[in-house]
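J.: have a look; sequence and predicted model below, questions after that.
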Amino acid sequence: MKRVIITVLIIIVTIGAIAWVLSNNKKKNAAKTAIVAQGSGAVSVRTSVIKREPINLDFSANGTFAANQELNFLSENAGRVTKIYVDEGARVSKGQILARIDAEIINTDKETAQATLQNAIRDEARYSSSFKTGGVTQQQLDQAKLAVENARLRLQSAQRKVSDANIKSPINGIVNKRYIEVGAFVTAQGTQLFELVDVSKLKLKVSVNESQVANLNIGDQVQIKSNVFPADDYQGKVTFIAAKADNSLNFPIELQVENNKKNTIKAGMYGTAIFKFPKQNPALTIPRGSFVGSVSSNQIFVLENGKTARIRKVVPGRILGENVEIVDGLKEGETVITSGQINLVDGSEVTPVK
């Protein structure tokens, strides 16, 4: 029984102490509020004096190197692989024979097509001679000529298949993967044979924002750095600028890079494009956070007489990182409010924070 009474007393004392602390804090807060109410009521803000500063348009963008050409080479004829002349990692030239398919059936088709063409030519000669003496009609002669043309086309197709029995590289590059072995049977439906990659030139794919893309043109020369070989400088050229922004509101850019250094860059490595521009004339700029809401609002607050906030309509120019160029609406030496605008209206009394 005594234990229960002691427990109840402890709970009552604890509740009383908590109530006293809360009441005391409430009184202190009320006192602070009263002091603020008796004060000037000025809003604390941060400010910045406007002056002309040099504009630096240089920027860099990171991306991934991709092969200039990448080809998954497929079979065009059915047959069994009899020879393979290259292996993975081999450097090949355009037109070089990579492998050979058994051409026995293909050669038979070619010989048949040749015989058919010769027979059609003889028939056309007989029909032409008979037509002169009235032995055949014009229609029969035309059909004989058509048979010659069809036989000639079939022979050309057969000759092409014989030529395709030698699998030739369509590009200069490196055999990145080999999918076949000697004795394997490939189909005319497109069995994968080789993966060929040309890295003599590379494409560096990067993304830039709207203010950066406005200064780029096709053909611009760009310095390229490789993360793996930082000591080497590579030259790049802008070859593609997207006409439409992606989902992140950035614009994809492609640069062609000459892979002609001792340290060869591999497709898939990371790189950095360094964009440099001529020196620009100094211009009036303000911090991007000075705008009410966003840059598109075209509104800022200007500090007048050191204590009054006045709203001002301005004409923004280029967005330069965290700063925005001001084309019209501000003069050098004026002071703009850079933070605290959410609590301001035109004519609000403010206290600049030093």
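T.: Yep, it's here.
J.: so Thr116 makes contact with Arg154?
T.: Yes. Thr116 lies in contact with Arg154 (C-beta atoms under 8 Å); the separation is 6.7 Å. Where you see a C-beta, it was placed from the backbone N, CA and C, and this is true even at glycine.
J.: got the contact list for Lys94?
T.: The neighbours of Lys94, taking C-beta atoms under 8 Å, 6 or more residues apart in numbering as the test, are Ser169, Pro170, Ile171, Asn172.
J.: per-residue pLDDT of the second one, please?
T.: According to the predicted model, the pLDDT of Pro170 comes to 84.
J.: next, count neighbours for Ser129.
T.: 11 (other C-beta atoms under 10 Å).
J.: let's have the chain start at 20 instead
T.: Taking 20 as the first residue, the last one we looked at is Ser148.
J.: ok but it is inside a strand, no?
T.: No. Assignment of Ser148 by DSSP: H, G, I helix; E, B strand; the rest coil gives helix, placing it outside any strand.
J.: next one: it from Gln88, what distance?
T.: Per C-beta to C-beta, to the nearest Å, Ser148 is found 55 Å from Gln88.
J.: can you map out the helices along the stretch 220-369 of the chain?
T.: Remark: helices assigned in the stretch 220-369 of the chain by DSSP state H, counting those that start in this stretch are 229-232.
J.: now the strands for it?
T.: Here the stretch 220-369 of the chain has its strands, by DSSP state E, counting those that start in this stretch, at 240-245, 252-260, 270-277, 289-294, 302-306, 318-323, 327-332, 334-339, 342-347, 354-358, 369-371.
J.: what pairs with the second one, parallel or antiparallel?
T.: According to DSSP bridges, the neighbouring strands of strand 252-260, each with its direction, are strand 240-245 (antiparallel), strand 270-277 (antiparallel).
J.: now do the same end-to-end measure for stretch 346-362.
T.: Distance across stretch 346-362, first residue to last, is 27 Å (C-alpha to C-alpha, to the nearest Å).
J.: check stretch 279-286 too.
T.: Distance between the boundary residues of stretch 279-286 (C-alpha to C-alpha) amounts to 14 Å.
J.: now it: average pLDDT?
T.: For stretch 279-286, mean pLDDT is 79.
J.: stretch 330-350 too?
T.: Mean pLDDT, computed over stretch 330-350, is 87.
J.: swap in stretch 241-259?
T.: Mean per-residue pLDDT for stretch 241-259: 90.
J.: over to stretch 305-325?
T.: Stretch 305-325 shows a mean pLDDT of 88 in the predicted model.
J.: for the stretch 120-269 of the chain, give me the ranges with low pLDDT.
T.: Applying pLDDT under 70 to the stretch 120-269 of the chain picks out residues 122-130, 132-134, 136, 142, 160, 170, 174-183, 208.
J.: helix, strand, or coil at Gln162?
T.: Gln162 is classified as helix under three-state DSSP.
J.: gap between it and Asn91?
T.: The spacing between Gln162 and Asn91, counted by C-beta to C-beta, is 44 Å.
J.: max pairwise distance over the contacts of Lys113: which two?
T.: Using C-beta to C-beta, the contacts of Lys113 span at most 9.5 Å, a distance reached by Pro189 and Asn191.
J.: ok, these two, which is more surrounded?
T.: Shown here are Pro189 and Asn191; by other C-beta under 10 Å, Asn191 has more neighbours (16 against 12).
J.: what helices or strands is the helix or strand that contains Val194 leaning on?
T.: Using DSSP states H and E, Val194 sits in strand 192-197. Packing partners of strand 192-197 (3 or more C-beta pairs under 8 Å, 6 or more residues apart in numbering; DSSP states H and E): strand 78-93, strand 110-111, strand 211-227.
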